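> Okay, predicted coordinates and the sequence, questions at the end:
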Amino acid sequence: MNKAAEGENRSVMASRDGRIGRIRLDRPTALNALDLDMVRAIHAALDDWRDEPKVHAVVVESTDPRSFCAGGDVRAIREFALAGNDDAIFAFFSEEYALNRAIAEYPKPYIALIDGICMGGGIGISVHGSARVATEHALFAMPETAIALFPDIGASHVLPRLPGALGIWLALTGGRLAGADAAHAGLATHHVPRARLSALSAALAEDGQAVLAAFAEPLPPFSFASQRAAIDRCFGAPSVKEILARLAIEPTPFGADTLAALSGFSPSSICWSFEILRRGARQTLPAALADELALVRRVARHPDFAEGVRAMLVDKDRKPRWTPPTIEEVDPAAIAAMFTDHPVE
Ligand code: QUE
């Protein structure tokens, strides 16, 4: 085993335990937000165990019940962006997305045990795996429009494939899915109570992935059942403009509430997030990840990204000043230019 897989990285502990390779995320001060060292440590462990016959499955879990993984280390990315360090931005996202792809293509079961927050990059190290176990305290979201990023980590491929327009709704509004709701939506595959999660983790090491079925509980009804029709009606529209128009005439409070939520997010980000999902709907995961990598280099240079991270995570005033400030002022040509094939200059 190499150093990363031996647990050299302080924020990721990787070790063989019985029949499994166990990856424990342990960066509680950042709610397990992924930095480049963590991405490398996880990928190195997967590489070490790919051809190790004693390892029958990989289990990834957190040491902190508050958070499985809060996303990527966007504070560090913002610093790189402000310093004009495009190489560091590219290095982080290219390795993060390569890990997402390696998880999807992993030849052994990859099982994520999700308790607490699971956002953005956390979804990237779970949703591509063969099993995602959510406790009643799991909280899934793709909140990137709040910081003017977009649903990356392969979400542009995954979200359009969720039932109805749930994925577009999640992507644009940062809507949260708790516990069993994540299984209803397809982000999780099993629902296990927090009280039994450590017993499940031990049983996976002892007996292998077959124990999953014995621990899984039947799902309570989907909390968003009554809103599904409105979500599909509004977010199934063919453009951002049309989504907003449909929300405006929605007779239920869902319309006004959702418009109010969207009004706080980066208008440009709503537009490029919609466009990357529209493309991802027709793409394989590797092609979608490649398009996301091309887009993230441009998005990281847009002033809204540094401003969004500043407002939400650095100064925490939650009052971002977006450029431009309204959807009406977003230039469609400027959004289209972010998706051209020209190399980033
Ligand atoms: C939107 C996001 C993220 C976010 C908050 C948003 C995100 C992310 C984090 C995060 C949280 C805790 C940390 C950290 C990052 O917050 O992607 O380093 O300690 O990673 O509103 O997209």
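Here it is on my side, so go on. Numbering: from 1, shown residues only.
> where in the protein is pLDDT low?
The chain contains residues with pLDDT under 70 at 1-8, 342-345.
> Output the lengthiest helix in the chain in PDB with nothing but the alpha carbons.
With secondary structure taken from DSSP state H, the chain has its longest helix at helix 86-104. The C-alpha coordinates for helix 86-104 follow below in PDB (Å, rounded to 0.1, in the frame of the first residue of the first chain):
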ATOM      1  CA  ASP A  86      -5.900  28.900 -12.700                       C
ATOM      2  CA  ASP A  87      -3.500  25.900 -12.500                       C
ATOM      3  CA  ALA A  88      -4.500  25.200  -8.900                       C
ATOM      4  CA  ILE A  89      -8.200  25.500  -9.700                       C
ATOM      5  CA  PHE A  90      -7.800  23.100 -12.700                       C
ATOM      6  CA  ALA A  91      -5.700  20.600 -10.600                       C
ATOM      7  CA  PHE A  92      -8.400  20.400  -7.900                       C
ATOM      8  CA  PHE A  93     -11.400  20.000 -10.100                       C
ATOM      9  CA  SER A  94      -9.700  17.600 -12.600                       C
ATOM     10  CA  GLU A  95      -8.600  15.300  -9.800                       C
ATOM     11  CA  GLU A  96     -12.000  15.600  -8.000                       C
ATOM     12  CA  TYR A  97     -13.900  14.700 -11.200                       C
ATOM     13  CA  ALA A  98     -11.400  11.900 -12.000                       C
ATOM     14  CA  LEU A  99     -12.300  10.400  -8.600                       C
ATOM     15  CA  ASN A 100     -16.000  10.700  -9.300                       C
ATOM     16  CA  ARG A 101     -15.500   8.700 -12.500                       C
ATOM     17  CA  ALA A 102     -13.200   6.100 -10.800                       C
ATOM     18  CA  ILE A 103     -16.000   5.500  -8.200                       C
ATOM     19  CA  ALA A 104     -18.600   5.000 -11.000                       C
END
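> got the phi/psi numbers for the residue of the stretch 1-150 of the chain found nearest the ligand?
Here the residue of the stretch 1-150 of the chain nearest the ligand is residue 71; by C-beta to the nearest ligand atom that distance is 2.3 Å. Every residue, glycine included, has its C-beta placed from N, CA and C. Note on residue 71: its backbone torsions stand at phi 140, psi -150 [degrees, to the nearest 10].
> To what extent is whichever residue of the stretch 201-345 of the chain sits closest to the ligand buried, counted in neighbours?
Nearest residue of the stretch 201-345 of the chain to the ligand, counting by C-beta to the nearest ligand atom: residue 312, 4.3 Å away. Neighbour count of residue 312, defined by other C-beta atoms under 10 Å: 19.
> what sits against it?
Residues in contact with residue 312, defined by C-beta atoms under 8 Å, 6 or more residues apart in numbering, are 146, 147, 318, 320.
> Relative to residue 257, how far out is the third one?
Computed with C-beta to C-beta, to the nearest Å, the distance linking residue 318 and residue 257 is 18 Å.
> Which of these two has more residues huddled nearby?
residue 257 (14 against 9).
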